[in-house]
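*Asks:* Fold the following, please.
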Amino acid sequence: MGNESPLLNNLSLNQITTDNWNLQEAVEGCLRAEVPWIAPWRHKVHELGLAESKRIIQSSGLKVSSLCRGGMFPASTAEQRQKNLDDNRLAVEEAAELGTDVLVLVCGSAPDKDIDTSRKWVEEGIEKLVPFAESHGVKLAIEPLHPMYAADRSVVVTLDQANTIAEKFNPKQVGVIVDVFHVWWDPDLYNQIKRAQNNILGFHVSDWIVPVPDMFKGRGMMGDGVIEIRRIRNAVEKAGYQGPIEVEIINQSIWDQPGDEVLSKMKKSYLEHV
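*Replies:* Predicted coordinates for the structure are as follows:
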């Protein structure tokens with residue numbers, strides 16, 4: 001690919017950024033835009049089937065930066081927690097088939113208003129998943145989410161928490177994701193990035209718009225908000241991460257735009273602000 005900047009060699013389209021595209025369309029869009037990496041979401045893989053998704057990606061020559069998502073470990077009953085673990089094992093198999101060694105974990109919420117127990121269930125779920133993931137050559141990447149998502153998406157809300165969990169396991173098996181949208185506000189961020197030295201498995205970029213247009217679909221294009229993205233990238237690289245950088249933007253107004261236009265804006269914003 002004729003990328004004009006070395007930084008573009010690490011650019012990955014997190015598939016949710018072009019949610020109006022199926023996986024085939026996203027792969028074709030990446031090829032047209034000369035984006036060398038892609039990060040599929042599982043529901044997009046399931047739409048076309050795992051075998052067809054694998055064929056599409058492999059024949060394209062694109063590299064897969066991660067699969068989103070595993071996790072969602074907590075549940076009110078032991079039976080449901082087991083079902084959640086079984087689904088995580090399936091996610092591990094899918095990641096391995098698609099050619100990535102990184103499964104992103106969005107760890108799950110507190111089903112019974114018991115946030116401490118839910119955090120315990122997260123750790124237990126990861127502990128049970130590790131041997132299976134290791135047998136498939138897949139690493140588990142804990143992604144802390146912004147605290148506003150603690151009620152419905154993740155009880156792991158700081159990089160400190162994610163590091164503390166990851167450090168209980170072999171660093172070759174469990175690491176962390178640094179997503180600027182989720183961690184930019186944290187006064188301890190740079191200490192925690194340093195703490196995660198050589199254990200960062202992914203770096204995700206977008207921006208925090210003021211005011212936030214929507215709690216879930218509220219992320220902006222890089223440069224449209226207040227996050228010191230380049231400062232965070234420099235810290236992540238200093239901590240040893242040299243891998244793909246995923247642009248992960250969840251925003252209805254961006255989803256409503258033609259995908260090729262989104263990728264064009266994405267590349268421009270990425271070079272200017274990442």
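*Asks:* Quick check: buried residues in stretch 183-201?
*Replies:* 183-184, 186, 189-190, 192-193, 195-196, 199-201 (16 or more other Cβ atoms under 10 Å). C-beta: built from backbone N, CA, C; applies to glycine.
*Asks:* And the strands in the protein, which stretches?
*Replies:* 11-14, 37-39, 63-64, 67-71, 102-106, 139-142, 174-179, 200-205, 207-208, 219-220, 245-247 (DSSP state E).
*Asks:* what about the second one, distance to the chain center?
*Replies:* Computed by Cα atoms, centre = their mean, to the nearest Å, the chain-centroid distance of strand 37-39 equals 11 Å.
*Asks:* residues touching the nearest residue to residue 208 once chain neighbours are set aside, list them.
*Replies:* Nearest residue to residue 208 in three dimensions, chain neighbours excluded: residue 225, at 4.3 Å (Cβ to Cβ, 6 or more residues apart in numbering). Contacts here follow Cβ atoms under 8 Å, 6 or more residues apart in numbering; on that basis residue 225 touches 207-210.
*Asks:* Out of those, grab the one that's most surrounded.
*Replies:* Most neighbours among these, by other Cβ atoms under 10 Å: residue 207, with 22 neighbours.
*Asks:* Quick check, that residue in contact with residue 219.
*Replies:* Yes - the pair residue 207 and residue 219 passes the contact test of Cβ atoms under 8 Å, sitting 6.8 Å apart.
*Asks:* Next one: the closest residue to residue 143 other than its chain neighbours relative to residue 32, how far apart?
*Replies:* Spatially, and ignoring its direct neighbours in sequence, residue 143 is nearest to residue 177 (3.8 Å; Cβ to Cβ, 6+ apart). Separation of residue 177 from residue 32 (Cβ to Cβ, to the nearest Å): 28 Å.
*Asks:* Among the two, which residue is more densely surrounded?
*Replies:* Under the criterion of other Cβ under 10 Å, the comparison of residue 177 against residue 32 puts residue 177 first, with 27 against 12.
*Asks:* if I read this right, that one contacts residue 104, doesn't it?
*Replies:* Yes - at 6.0 Å, residue 177 counts as touching residue 104 under the criterion of Cβ under 8 Å.
*Asks:* Which neighbours do these two have in common?
*Replies:* Joint contacts of residue 177 and residue 104 (Cβ under 8 Å, 6+ apart) are 141, 143, 202.
*Asks:* Check the residue nearest to residue 208 and give its pLDDT.
*Replies:* pLDDT for residue 225: 98.
*Asks:* same question, the one 3 residues further on
*Replies:* The per-residue pLDDT reported for residue 228 equals 98.
*Asks:* Contact partners for the closest residue to it other than its chain neighbours?
*Replies:* Closest residue to residue 228 apart from its sequence neighbours, by Cβ to Cβ, 6+ apart: residue 184 at 7.1 Å. Taking Cβ under 8 Å, 6+ apart, we find residue 184 in contact with 208, 226-228, 232.
*Asks:* Buried residues in stretch 202-221, which are they?
*Replies:* Neighbour-count burial for stretch 202-221, counted by 16+ other Cβ under 10 Å, picks out 202-209, 217-221.
*Asks:* what's the answer for stretch 43-56, then?
*Replies:* For stretch 43-56, by 16+ other Cβ under 10 Å, it's 44-45, 48, 53-54, 56.
*Asks:* Taking the contacts of residue 225 together, which two end up most distant?
*Replies:* Largest separation among the contacts of residue 225 by Cβ to Cβ: 207 and 210, giving 9.8 Å.
*Asks:* what about residue 120, distance to residue 155?
*Replies:* From residue 120 over to residue 155 the distance is 10 Å, taken as Cβ to Cβ.
*Asks:* repeat for residue 214
*Replies:* Separation of residue 214 from residue 155 (Cβ to Cβ): 22 Å.
*Asks:* same check, this time on residue 55
*Replies:* From residue 55 to residue 155 the distance is 37 Å (Cβ to Cβ).
*Asks:* Check residue 129 too.
*Replies:* 17 Å.
*Asks:* who touches residue 233 in this structure?
*Replies:* 203, 205, 245, 274.
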